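Q: Sequence first, then the predicted structure:
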Amino acid sequence: MTGQWYEDDEFWMRTAPFLFSSRRWSQAGVEVDAILSLLDLEPPARVLDLCCGPGRHALELASRGFEVTGVDRTQAYLDEARRRADVSGLKVELVKQDMRTFKRPNFFDAAINIFTSFGFFEDPADDDKVLANVYESLKPGGKFLIDVMGKEILARIFCERDWYEFEDALFLDERKVLDDWARIESRWIIIRDGGREEFTIRLRLYSGAELKTALKRVGFSDIKAFGTLEGAPYDQNAKRLIAIATK
């Protein structure tokens, strides 16, 4: 692999069965129900799905009458989203672009960034670029929902290594905290078809307070944090860090 881990198309393709399992696809409808409730959003609003992957949420939103733009850097994911959209007769705009550069000023009523698709970059200024682009792309009063695994949650449940069986594969995950809890490194080992593959990913971690500060820094206001997509408090029982921010 050359460059950064997130630039490796082979990584995204080889891990797709784990990242986008049939179980996760089946959960899209329930997750979109919760997302729409938190955003207080109704069709035909324009929605940006930033880092849309193969379209789990983008397609579900389109099926409900929303005008959806999905953005991702991985062409194979966009191709899969297009294939599924065509099969279902859904209209979705799909854009291949880095989230650090995509913006469409004052265009969207809402934006979502789901399933820890944030914090990939070595330079924290790149995260600020992403948030600033989303802010600029929203109409005044537009809302942004971002979903990550909060630092507090990881500290509570941290396990240095674990493994699980998935269909015909064995998946091992070895984790290491970096830079005084600023980042986490995960070493993924996948054993299947008599072979072994290994990938290393690194993510920047955000606490609830740190994520709210980053959102405020680019202009967002009225920022609320939740511990689940269903709107539970972000407290000691939180399962995810969900932030809703308003332009």
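A: Structure received. As the structure is a prediction and not an experimental result, all values here were calculated from the model.
Q: hey, let's count contacts and neighbours off CA atoms from now on
A: Will do.
Q: Contact partners for Ala245?
A: Lys143, Phe144, Leu145, Leu215, Phe220, Ser221, Asp222, Ile223, Lys224 (CA atoms under 8 Å, 6 or more residues apart in numbering).
Q: ok, of those, which come out buried?
A: Neighbour counting by 16 or more other CA atoms under 10 Å classes Lys143, Phe144, Leu145, Leu215, Phe220, Ser221, Ile223, Lys224 among the contacts of Ala245 as buried.
Q: Skip the chain neighbours and tell me the closest residue to the fourth one.
A: Going back to what we said before, that points to Leu215. Counting by CA to CA, 6 or more residues apart in numbering, Leu215 lies nearest to Leu131, which is 6.7 Å off, once chain neighbours are set aside.
Q: what stretches of this structure score poorly on pLDDT?
A: Applying pLDDT under 70 to the chain picks out residues 1-2.
Q: how many other residues sit next to Ala217?
A: Wrong residue type there; residue 217 is Arg, not Ala. Neighbours of Arg217 under the rule other CA atoms under 10 Å: 13.
Q: change the start of the numbering to 15 and stick with it
A: Okay, residue one is now 15; in that scheme the one you just asked about reads as Arg231.
Q: Surely Ser221 touches Val162?
A: No. Assessed by CA atoms under 8 Å, Ser221 is found out of contact with Val162, at 9.7 Å.
Q: With neighbour numbers in mind, choose between the two.
A: Relative neighbour count places Val162 above the other of Ser221 and Val162, with 22 against 18, counting by other CA under 10 Å.
Q: So the more buried one versus Gly222, what's the distance?
A: As judged by CA to CA, to the nearest Å, Val162 and Gly222 stand 10 Å apart.
Q: Determine the residues that are contacts of both of those two.
A: With CA under 8 Å, 6+ apart as the test, Val162 and Gly222 both reach Leu255.
Q: picking up where we left off before, among the buried ones among the contacts of Ala259, which one sits closest to Ala48?
A: Leu159 (11.1 Å; CA to CA).
Q: CA atoms only: put the helix or strand where that closest one lies into PDB for me.
A: Assigned by DSSP states H and E, Leu159 belongs to strand 152-162. This file holds the C-alpha atoms of strand 152-162, laid out as PDB (Å, rounded to 0.1, in the frame of the first residue of the first chain):
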ATOM      1  CA  LEU A 152     -25.800  23.600   4.300                       C
ATOM      2  CA  LYS A 153     -28.500  26.200   3.900                       C
ATOM      3  CA  PRO A 154     -29.000  28.600   6.900                       C
ATOM      4  CA  GLY A 155     -30.700  26.600   9.500                       C
ATOM      5  CA  GLY A 156     -29.600  23.300   8.000                       C
ATOM      6  CA  LYS A 157     -28.500  20.500  10.400                       C
ATOM      7  CA  PHE A 158     -25.500  18.100  10.400                       C
ATOM      8  CA  LEU A 159     -25.600  14.700  12.100                       C
ATOM      9  CA  ILE A 160     -22.200  13.100  12.800                       C
ATOM     10  CA  ASP A 161     -21.800   9.600  14.300                       C
ATOM     11  CA  VAL A 162     -18.500   8.400  15.700                       C
END
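Q: what residue of this protein is the furthest out?
A: Gly208 (31.3 Å; CA atoms, centre = their mean).
Q: So it versus Asp112, what's the distance?
A: For Gly208 relative to Asp112 (CA to CA), the value is 35 Å.
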